[in-house]
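Enquirer: 3D model of this:
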Amino acid sequence: MDTLDAIYSRRSIRKFTDAKVPAELIEKMLEAATKAPSSTNRQPWRFVVLEGAKKDEVVAILVKRVVRLKRFKTLISGAAATTNLMQSAPVLILVFNGASRKRGLIRPLSTIVNVLDVQSIGGSIQTMLLAAQELGLGTVWLGYVFLAARKIGQAVGKKEQLIAAVAVGYPHESPSPRPRKNWQDVTEWFK
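Expert: Residues are numbered from 1 along each chain as shown. Prediction:
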């Protein structure tokens, strides 16, 4: 599969089979993720791979948080869907900003560096998703984990900033492409 094929065929998978994902495939995804570009080559991404009981423990933390926040109906419907996805996926990869505890900079500069690190991590996650596509795996990028970021971090022994999670497994669905805006509608081009 070439890069453009992977980009155009990748879908967010929300239903997974029960099949175990071989560690070698997860390792290939992580290796690819570390090849993403990063601002000043800081490589701030840090990954925690969860399966089995530890994954269930992390999901339970988010479920508990979602229950406590149920009065925010719109936000919670997406978060509740996230917990279901996390439960059904054989593998969950937590993505942390490993540089978030190493600031020591004046506030405005620290904010800029954090944004650059988060951008770099986003590129790393996208690279991971494309590698999974090539390997025949399904993935979905999950952001609602930030609702319980501190507690999830504690559960896995991390004090760094939790950025996102990626659910991984073999797809049990083949969704059609979601509507996308035409690039001309979202682009200004000055010549």
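Enquirer: Show me what counts as buried in the longest helix seen in the chain.
Expert: In the chain, taking DSSP state H as the definition, the longest helix is helix 107-134. Within helix 107-134, the residues scored as buried using 16 or more other C-beta atoms under 10 Å are 113-114, 116-118, 120-125, 127-134. Using the backbone N, CA and C atoms, a C-beta is placed for each residue, glycine as well.
Enquirer: Centre of the chain to it, how far?
Expert: 10 Å (C-alpha atoms, centre = their mean, to the nearest Å).
Enquirer: same thing with stretch 58-69?
Expert: How far stretch 58-69 lies from its chain's middle: 18 Å, per C-alpha atoms, centre = their mean.
Enquirer: And for stretch 164-174?
Expert: Centre-to-centre, stretch 164-174 and its host chain are 11 Å apart (C-alpha atoms, centre = their mean).
Enquirer: Quick check: which element contains L92?
Expert: Using DSSP states H and E, L92 maps to strand 91-97.
Enquirer: send the alpha carbons of that strand over as PDB?
Expert: The C-alpha trace of strand 91-97 is given here as PDB (Å, rounded to 0.1, in the frame of the first residue of the first chain):
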ATOM      1  CA  VAL A  91      -5.200  -3.000  22.700                       C
ATOM      2  CA  LEU A  92      -5.200   0.500  24.000                       C
ATOM      3  CA  ILE A  93      -2.200   2.800  23.500                       C
ATOM      4  CA  LEU A  94      -2.000   5.800  25.800                       C
ATOM      5  CA  VAL A  95       0.000   8.700  24.400                       C
ATOM      6  CA  PHE A  96       1.700  11.100  26.800                       C
ATOM      7  CA  ASN A  97       3.800  14.300  26.400                       C
END
